[in-house]
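*Asks:* what shape does this take:
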Amino acid sequence: MSVILGNCSVYLTKSRSVTFLILASSSLALILGLSGCTVKPEPISNQEVEQRVQADLGRLFAHQEPVSLRVGLHEAMARAVKYNLQRRVKQMEEALAVEDLAVAQRDLLPKTAAHAGYTLRNKEGVSTLQNSSLKLLSQDNENSVAGLTWTWSLLDFGVSYVHARQKADEVLVSREKRRKSTQLLIHEVRSRYWQAAMTDQIIPQLDLLLKEAKIARENLQRMEAAGQELPAIALDGQQILLDTTHKLWDMRRKLIEAKSELAILMNLPPGTKFMLAAQGGEALKDDLVYLPVLALDQYALLHRSELRSEDYKERISALEVRKVLLKMLPNLSFMEGSGYDSNKYLQNQSWSSVGTQISWDLFNLASTPQKLKLAKLGKEVVRTRRLAFSMAAVTQLRIAMQSYHISKRDLSIASDLNMLQARKVQQVEEDRNSVPNFAVKRIEQRALALLSQIEQGLSYAQVQSDLGRIHLTLGVDPLPLSGQVDIADIQTTSRLLAMRQDSVTSAVISAIPNTLLNAPPPTSSSLAETDTGSLAKGDASGFWNLLESFSEKIDKQQNGTGGSGNQPVLAHAAAQPQQLQPQPQIQQHPNYLPPGVGPQGYLPPQEAALSQPPSEAVPVILMEN
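*Replies:* Model (predicted):
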């Protein structure tokens, strides 16, 4: 009897200890859970901010090659391509998209799950038989379980495959964004470089002239105070000098800002001293602007990064429709696994299992029509946006070409004005004995001559900028599309940029079908009959239909169902860099006039659309509000 009581006391003591342990662990979990819910905002301390600032300053200009004493145009472009932070952001976004694709590809694998657990009971698992007083002990107080399960869902595999293809297209979209950012960066560097090209030469002359103007104004003030000069003459002279000083300081500010902006594009540390190798006046390589405009339209529609991005987005939308259709199907799953249970009352503590299961989400089936309609509507939105971008692309191309020709005319006028102003300075020097208030007149004419020289340089910079704008609107790649450029040094990248700049025209010609390249330029009479001519009158329906047919042709090329052998496939053109070929010699017609310009000068807008000479290859677009 005492033995039985002793066993009972031991059992009760163990049962109480287990119960106490369970209650203690539950209370501890409750306390930790409640304490975790009380989160207070903690601002960043000033010390942490200072550490972050020092770390960022160390990373801003790290691992950069030293800048040369005289920076050329292609070296400036190369430094911008390698070190500009905005382009680095696009590179990181592309790398992020690639990693996202890798994650999506792993979703194609079967789901494999391992589990383990431990259970502690305060009472043993006792069961009774029905209509019997017999009690069976079937569960230990302490129990450990473990297992490995392999599951493969046919529906999940199909949806994951479509999702992975969407992620692959998103990688290509991010690549096109990086390509666009590179094109914009090269265009900005070209514009700022030629604006700042004359800075090193002009700034010393500006400073010297400003110093002379200050001395001359002080002399006039002293002569006026001493009565050696009439007040009216002295005041007029001071007014001229002050007005000249204001113009000189304003022009100096513009030149300094252009060079500072160029340094920012190259990601140079603030205060870095450098000089520019070019001084302006280099020969223009503008054979590209005299190609047939319809051929340039085709090239732009094939190579603009915005349009290629929309092509990939359309594929993503089409895949979204497939994903919705897949989700309406029943799901078939296959399962296989093995398990272990430490319960000593089990006859088999380890086992293996295999099975299959079929399921069907009926609520998802009921909402499929709305989801399918939404997916198809998204696809139509992408198509319509692509057509809008196509219209914008050809319009921007024509505007850029018109701006280029007008800038060349302005450059010619600025050159003539500079020569005339130089002659006036020489004339003042020759008439120094007969010119009243010679010192003031001499400074004024020298300032005007220097300003006209700067205006000529800025006009040349505008011509270069408009030429780069034509390249930008065409979608010309300034660098190969391979990733080798990102790891090359400055000299190699500069050499690649120079080669691409020298072969832009040949690269464009090689990508244009011969039927468009050899087409005769439109005449003034044909402009009123063709689709382009109707567009010049303000009717865009003909060209809109042309864009739609061209879009369908691109779709056939992508699907491999059509297209001639000499028309480039869009996906292939995106993956292959343009071949460098010898640049052809293109002769300009002797009667050529820029768009919107007649033999007697600029024409009114309505006459400019239909009054081009027979050799004109650039029809004018008039956009009506």
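*Asks:* work out for me the element residue 78 sits within.
*Replies:* helix 73-83 (DSSP states H and E).
*Asks:* now do that helix: which elements does it pack against?
*Replies:* helix 154-196, helix 231-265, helix 490-502 (3 or more C-beta pairs under 8 Å, 6 or more residues apart in numbering; DSSP states H and E). Every residue, glycine included, has its C-beta placed from N, CA and C.
*Asks:* specify the angle between the longest one and helix 231-265 in degrees.
*Replies:* The one in question is helix 154-196. Orientation note: helix 154-196 sits at an angle of 150 degrees relative to helix 231-265 (axes from the mean of the first three to the mean of the last three C-alpha atoms, to 10 degrees).
*Asks:* am I right that residue 271 is in a helix?
*Replies:* No: secondary structure of residue 271 (DSSP: H, G, I helix; E, B strand; the rest coil): coil, not part of a helix.
*Asks:* look up how far residue 260 lies from it.
*Replies:* 10 Å (C-beta to C-beta, to the nearest Å).
*Asks:* neighbour-wise, which of the two wins?
*Replies:* residue 260 (15 against 6; other C-beta atoms under 10 Å).
*Asks:* count the neighbours of residue 309 for me.
*Replies:* Neighbours around residue 309, by other C-beta under 10 Å: 22.
*Asks:* so who does it touch?
*Replies:* 173, 176-177 (C-beta atoms under 8 Å, 6 or more residues apart in numbering).
*Asks:* let's have those residues in CSV, adding neighbour count.
*Replies:* Formatted as CSV, the contacts of residue 309 follow (neighbours: other C-beta atoms under 10 Å):
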residue, neighbour count
173, 20
176, 22
177, 18
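*Asks:* which of the helices and strands packed on helix 73-83 is buried the deepest?
*Replies:* helix 154-196 (a mean of 20; mean count of other C-beta atoms under 10 Å).
*Asks:* which elements pack onto that one?
*Replies:* helix 73-83, helix 85-106, helix 231-265, helix 305-327, strand 331-341, helix 438-474.
*Asks:* touching, residue 124 and residue 137? I think so.
*Replies:* Yes: counting by C-beta atoms under 8 Å, residue 137 is a contact partner of residue 124 at 6.0 Å.
*Asks:* in the stretch 351-500 of the chain, where is pLDDT below threshold?
*Replies:* 435, 481-487 (pLDDT under 70).
*Asks:* coming back round to it: looking at the helices and strands packed on helix 154-196, which is nearest to residue 377?
*Replies:* Taking C-beta to C-beta, helix 305-327 is the member of the helices and strands packed on helix 154-196 nearest to residue 377, at 9.2 Å.
*Asks:* before we move on, the earlier item: need the helices and strands packed on helix 73-83 in a markdown table with distance to residue 323, can you?
*Replies:* Output for the helices and strands packed on helix 73-83, formatted as a markdown table (distance: least, C-beta to C-beta, whole Å):
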| stretch | distance to residue 323 |
| --- | --- |
| helix 154-196 | 5 |
| helix 231-265 | 42 |
| helix 490-502 | 40 |
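*Asks:* so which of the ones you listed comes closest to residue 431?
*Replies:* helix 231-265 (17.3 Å).
*Asks:* continuing past the closest one, what's the next helix or strand?
*Replies:* Assigned by DSSP H and E, the successor of helix 231-265 is strand 275-276.
*Asks:* how far is that next one from where the chain is centred?
*Replies:* 28 Å (C-alpha atoms, centre = their mean, to the nearest Å).
*Asks:* sheet partners, orientation included, of that strand?
*Replies:* Applying DSSP bridges to the sheet, strand 275-276 is found paired with strand 70-71 (parallel).
*Asks:* I'd like to know how many residues surround the residue nearest to residue 79 when sequence neighbours are not counted.
*Replies:* Counting by C-beta to C-beta, 6 or more residues apart in numbering, residue 79 lies nearest to residue 266, which is 4.1 Å off, once chain neighbours are set aside. Neighbourhood size, residue 266 [other C-beta under 10 Å]: 25.
*Asks:* please look at residue 266 and residue 85 and confirm they touch.
*Replies:* No: using C-beta under 8 Å, residue 266 makes no contact with residue 85, being 11.1 Å away.
*Asks:* could you find the closest non-adjacent residue to residue 389?
*Replies:* residue 306 (5.0 Å).
*Asks:* so what pLDDT did residue 328 get?
*Replies:* On the pLDDT scale, residue 328 is placed at 86.
*Asks:* cool, and residue 536?
*Replies:* 37.
*Asks:* one more: the one 3 residues further on?
*Replies:* pLDDT recorded at residue 539 is 41.
*Asks:* from the rest of the structure, what touches stretch 177-192?
*Replies:* 73, 76-77, 80-81, 84, 86-87, 90-91, 93-94, 258-259, 261-262, 265-266, 305-306, 309, 461, 464-465, 468-469, 471-472, 475-479, 481, 497.
*Asks:* what would I type in PyMOL if I wanted to highlight the buried members of the residues you listed and nothing else?
*Replies:* Remark: buried members of the contacts of stretch 177-192, expressed as a PyMOL selection using 16 or more other C-beta atoms under 10 Å:
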select buried, resi 73+76+77+80+81+84+87+90+93+94+258+259+261+262+265+266+305+306+309+461+464+465+468+469+471+472+475+476+477+478+479+481+497
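*Asks:* now the stretch 501-625 of the chain, which segments are flagged as low pLDDT?
*Replies:* Checking the stretch 501-625 of the chain against pLDDT under 70 turns up 515-625.
*Asks:* hmm, try it at 80
*Replies:* 501-505, 507, 510-625 (pLDDT under 80).
*Asks:* so where is the stretch 151-300 of the chain shaky, pLDDT-wise?
*Replies:* Residues of the stretch 151-300 of the chain that meet the cut-off, pLDDT under 80, sit at 224, 226-231, 233, 278-283, 285-286.
*Asks:* what is the burial count for residue 353?
*Replies:* With other C-beta under 10 Å as criterion, residue 353 counts 11.
*Asks:* pretty sure it sits against residue 337.
*Replies:* Yes: using C-beta under 8 Å, residue 353 is in contact with residue 337, at 5.6 Å.
*Asks:* related to what we said a few turns ago, tabulate the helices and strands packed on helix 154-196 in CSV, adding columns for distance to residue 54.
*Replies:* Listed next are the helices and strands packed on helix 154-196 as CSV, based on distance: least, C-beta to C-beta, whole Å:
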stretch, distance to residue 54
helix 73-83, 20
helix 85-106, 18
helix 231-265, 21
helix 305-327, 37
strand 331-341, 54
helix 438-474, 38
